[in-house]
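*Asks:* pasted the sequence and its predicted model underneath.
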Amino acid sequence: MSITALDIGTHTIKAISAKNGKQIQVLKAVDIPNSLGLVIPQSDQETTQFSEMIANLLNDYKLDASDVRLSLPESIIANKVIEVPVLTDAELASAVGWRAEQYIPIPKDDLSLEYQVLFRPDKKMPDAKMKVLLVASRKSFVRKLNDIFLNLGIEPTVMETQMFSVIRALNLRSDDPETLIVHMGASNLDLAVVANGMFDFIFSTKNGAQLLTNAIAQSFALDLKQAEEYKITYGLNPEQLDGKLIQVILPIVNNVVVEIQKALRYFSQLHPGQTIKRVVLSGGPAEMIGFSQYLAQQINTEVFLMAPFAEAKGQIPETKHLHFTVCMGLVMRKLS
C-alpha cells in the first residue's frame, strides 16, 4: 500500500505516490494542468467536471487510492496564534471556541475548528501565558471537497492546510534559527514564521504568481502556457528579451517583496530585539530565474530554496522540485 498525496492548485494539480518507512520512497511524481482553475467547485457542472478531472488523474497514472491525502488551500483557512492563561486540556477545550469567535472571520454555524498547544509554561510562573494555534475552516468547503472524493469511492485519510504540509517538509529542528517560510502559489502568497521550534504566525495574501503570468501574456501577446515558460525560464534575467521582460514583471515581484518585508517587520515588532535569520522559499514560482537572489538583496537576509526530496529516494523528478513541497509534507505526516 502506498500514499497518494494531492496538492490541488488553481493552476496545476500535483500528485506524489510514495511509501513512508525509514526513508521516503517516491514511486511517482505527477504534475498536470488544472483545466478548471478551481480548488473548490461550486455548481453541479463544476463538481462533475472536477470529479472527472480527479478520477482521470488517479486512473491515468494508476495512483493508489487506499491512502489519499489532500491539502487545503490557505484561501479557505484562517490561522491565528493566540495567548491565553495557562489552562488544563479540559479547560482549554471549553474556552477555545469562544476565543476563536473573536479572531476567526467565519460564521459560527459554518466553523470547523482545530487547535494545537504550541507552548505551555509552568503554571507557577507569574503572568504565564500559553500559546495556542487556532486552525479554522469553512465546514461547507471541506465537506464539499470530501464528498467529491467519497463519491469516487475514496475516503481521504488526511485533509490539512497547505502551510502545515510545507512546514513539515522543511523538517525543522528546535535549534534552527528564526525562519520565514514563503510558499508561492498561482493564486496566493502564504507566509509563516517558525521560531524556537514553534509556529509564530501564518498569513496569506492574494499576490500569487498568476499575476506575473498574466502580465507577461498581455505584454508579449502570448498564450498563458508560453507566458508561464517565459516567467520560469527567463525570470529576472535582465539580458533576456532586451530587458523588456524584467520591466514587465519587476513591479509585481516588488509587491511580493513588500509582503515579505511586512512579515519581517511584524516579527520584530512582536519580539523586540529578535530578527528573522533566514527566508526559505517553496512553491513552483519560487524557481523563477533570479528571484531568490533579488529577494536576498532587497531584504538583506539569507534566502534558501526548499529541498523537499533531500531525504527521499526513488523516482525523484529531475526538475520542478519546489512544485511538490506540499505533497512531500503530506507524505511525511505520521498517522496515529
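*Replies:* Done, it's in.
*Asks:* quick one, longest helix in the protein?
*Replies:* Longest helix of the chain, by residue count under DSSP state H: helix 244-270.
*Asks:* residues near the nearest residue to Pro238 once chain neighbours are set aside, how many?
*Replies:* Sequence neighbours aside, Ile246 is the residue nearest to Pro238 in space, at 5.2 Å (criterion: CB to CB, 6 or more residues apart in numbering). To be clear about C-beta, it is placed using only N, CA and C from the backbone, and glycine gets the same treatment. As a burial measure, Ile246 scores 19 neighbours (other CB atoms under 10 Å).
*Asks:* Ile246 and Leu92, how far apart?
*Replies:* Relative to Leu92, Ile246 is positioned 51 Å away (CB to CB, to the nearest Å).
*Asks:* for the longest helix of the chain, packing partners?
*Replies:* The contact analysis (3 or more CB pairs under 8 Å, 6 or more residues apart in numbering; DSSP states H and E) places helix 244-270 against strand 179-184, strand 189-195, strand 198-205, helix 210-220, helix 291-299.
*Asks:* list the buried residues of the third one.
*Replies:* When you say that, I think you mean strand 198-205. Met198, Phe199, Asp200, Phe201, Ile202, Phe203, Ser204, Thr205 (16 or more other CB atoms under 10 Å).
*Asks:* tell me what it is packed against?
*Replies:* strand 77-85, strand 111-119, strand 189-195, helix 244-270.
*Asks:* mean confidence (pLDDT) on the first one, please.
*Replies:* Here the mean pLDDT over strand 77-85 is 83, rounded to a whole number.
*Asks:* just the buried residues of it, please?
*Replies:* Result for strand 77-85 [16+ other CB under 10 Å]: buried residues Ile77, Ala78, Asn79, Lys80, Val81, Ile82.
*Asks:* next: stretch 37-45.
*Replies:* Buried residues in stretch 37-45, counted by 16+ other CB under 10 Å: Val39, Ile40, Pro41.
*Asks:* how about stretch 42-61?
*Replies:* Thr47, Phe50, Ser51, Met53, Ile54, Ala55, Leu57, Leu58.
*Asks:* other residues contacting that stretch?
*Replies:* The contact list for stretch 42-61 (CB atoms under 8 Å, 6 or more residues apart in numbering) reads 4, 6, 13, 15, 17, 28, 30, 32, 34-36, 38, 41, 63, 65, 144, 148-149, 151-152, 154.
*Asks:* measure how far it is from the centre of its chain, please.
*Replies:* Between the centre of stretch 42-61 and the centre of its chain there are 22 Å (CA atoms, centre = their mean, to the nearest Å).
*Asks:* now Phe141: closest residue in space, sequence neighbours ignored.
*Replies:* Phe141's closest residue in space is Ile76 (CB to CB, 6+ apart), at 4.7 Å.
*Asks:* scratch that, Leu245 is what I was asking about
*Replies:* Tyr234 (5.4 Å).
*Asks:* over to Ala286?
*Replies:* Met184 (4.9 Å).
*Asks:* so what's the residue count around the one you found?
*Replies:* Met184 has 23 nearby residues by other CB under 10 Å.
*Asks:* quick check: domain ranges of this structure?
*Replies:* 76-138, 172-306 (automatic domain parsing).
*Asks:* so which of these is nearest Ala312?
*Replies:* domain 172-306 (12.9 Å; CB to CB).
*Asks:* that closest one: end-to-end distance?
*Replies:* End-to-end distance of domain 172-306 (CA to CA, to the nearest Å): 11 Å.
*Asks:* what's the answer for stretch 215-228, then?
*Replies:* For stretch 215-228, the end-to-end distance is 10 Å (CA to CA).
*Asks:* in JSON lines: the buried residues of strand 77-85, plus distance to Gly21.
*Replies:* Formatted as JSON lines, those follow (distance: CB to CB, whole Å):
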{"residue": "Ile77", "distance to Gly21": "30"}
{"residue": "Ala78", "distance to Gly21": "35"}
{"residue": "Asn79", "distance to Gly21": "31"}
{"residue": "Lys80", "distance to Gly21": "36"}
{"residue": "Val81", "distance to Gly21": "33"}
{"residue": "Ile82", "distance to Gly21": "37"}
